[in-house]
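**Q** quick one, structure for this:
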Amino acid sequence: MSESFHIHLVSDSTGETTQGVMRASIAQFEGVEPREHIWPMVRSTAQMELVIEGIRENPGPVVFTLVSSRTRQPLVEECARLRVPCVSVLEPVIGMFARYFNQKTVNRPGGQHTLNAEYFDRIDALHFVMAHDDGQATEGAAEADLILIGVSRTSKTPTSIYLANHYGLKTANIPFVPGIPLPENLFNLNSSVIGLTASADRLIQIRRNRLLMLHQEPETDYVDIETVKAEISDARKLFSKNAWPVIDVTRRSIEETAAAIYQLYSRFHDETNTGET
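**A** Purely as a prediction, here's the structure:
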């Protein structure tokens, strides 16, 4: 039986950092069920008073990202009075960098979301993904940083979106469909082409769920074990023939798949820039 507890995630920005850290940490424990109280964009004394009132009503650990001492100090003091754990996600890392660079911090709330060139690169990459999703506009594939190819339901679209949003990579994805040739221009690109695959059992499970959601016939070649195995085999032969690296997504989350792809992409460009083959 799961043990439920309250946890408060307080941030002077969107709260994505606190949520990510908390969920990654909680995943290491079994039998616990957090009841999240999310407090984003806390930048004034009045807003912090509402947060503190919420903690009083539902005491529990507090994880925060607050760079301003004006808002941070009342929270830390009240948590000490209530005897609930209170930890800053950013403070140890910011402190380390302050010592390393021998600089004082600027204490800019939401600094990671500054509208700089990197931010706009990510927006451009997301637009590119939407325009080149599922084999669309393949004539523009030459502009892609990455091209993902895989049979149906190998998480090509969500992985492409993640790569754009987190790494700023313009990613096109193209489905591998037996009997339908891939675009010719795909074989003469400098872009990194990566194949995605998964086990037949996993693909059939995902495809069946998809068919149920769409209220479609549940027994077709789309979920036939031998047909799916043949699809996977043909795709792997294509990847091998073109020396495209392959990532098995069977037991990987979207984040893990994207991280593995980014490593391959970085390695490819390091080799290209140094003239290696």
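**Q** can you give me how far the lowest-mean-pLDDT helix or strand in the chain is from the chain middle?
**A** Across the helices and strands of the chain, mean confidence by mean pLDDT, DSSP states H and E is lowest for helix 91-101: a mean of 77. Offset of helix 91-101 from its chain centre (CA atoms, centre = their mean, to the nearest Å): 26 Å.
**Q** tell me which helix or strand comes right after it.
**A** helix 117-131 (DSSP states H and E).
**Q** can you give me the strands for the chain?
**A** 3-11, 32-39, 62-65, 86-88, 146-150, 171-175, 192-197, 246-248 (DSSP state E).
**Q** send me the least confident helix or strand of the chain as PDB with only the CA atoms.
**A** Output in PDB follows, covering the C-alpha atoms of helix 91-101 (Å, rounded to 0.1, in the frame of the first residue of the first chain):
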ATOM      1  CA  GLU A  91      21.600  27.000  -4.300                       C
ATOM      2  CA  PRO A  92      24.400  24.400  -4.100                       C
ATOM      3  CA  VAL A  93      25.000  24.600  -7.900                       C
ATOM      4  CA  ILE A  94      24.800  28.400  -8.000                       C
ATOM      5  CA  GLY A  95      27.200  28.500  -5.100                       C
ATOM      6  CA  MET A  96      29.700  26.200  -6.800                       C
ATOM      7  CA  PHE A  97      29.600  28.400 -10.000                       C
ATOM      8  CA  ALA A  98      30.000  31.600  -7.900                       C
ATOM      9  CA  ARG A  99      33.100  30.200  -6.400                       C
ATOM     10  CA  TYR A 100      34.400  28.900  -9.700                       C
ATOM     11  CA  PHE A 101      33.900  32.200 -11.600                       C
END
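**Q** identify each buried residue in that helix, please.
**A** By neighbour count with 16 or more other CB atoms under 10 Å, helix 91-101 contains no buried residues. In short, each C-beta sits where N, CA and C put it, glycine included.
**Q** use 650 as the first number from now on
**A** All right, first residue 650 from here; so that's helix 740-750.
**Q** now for that helix, which elements pack on it?
**A** Packing partners of helix 740-750 (3 or more CB pairs under 8 Å, 6 or more residues apart in numbering; DSSP states H and E): none among the helices and strands.
**Q** mind running it again at 10 Å?
**A** For helix 740-750, the packing partners by 3 or more CB pairs under 10 Å, 6 or more residues apart in numbering; DSSP states H and E come out as strand 711-714.
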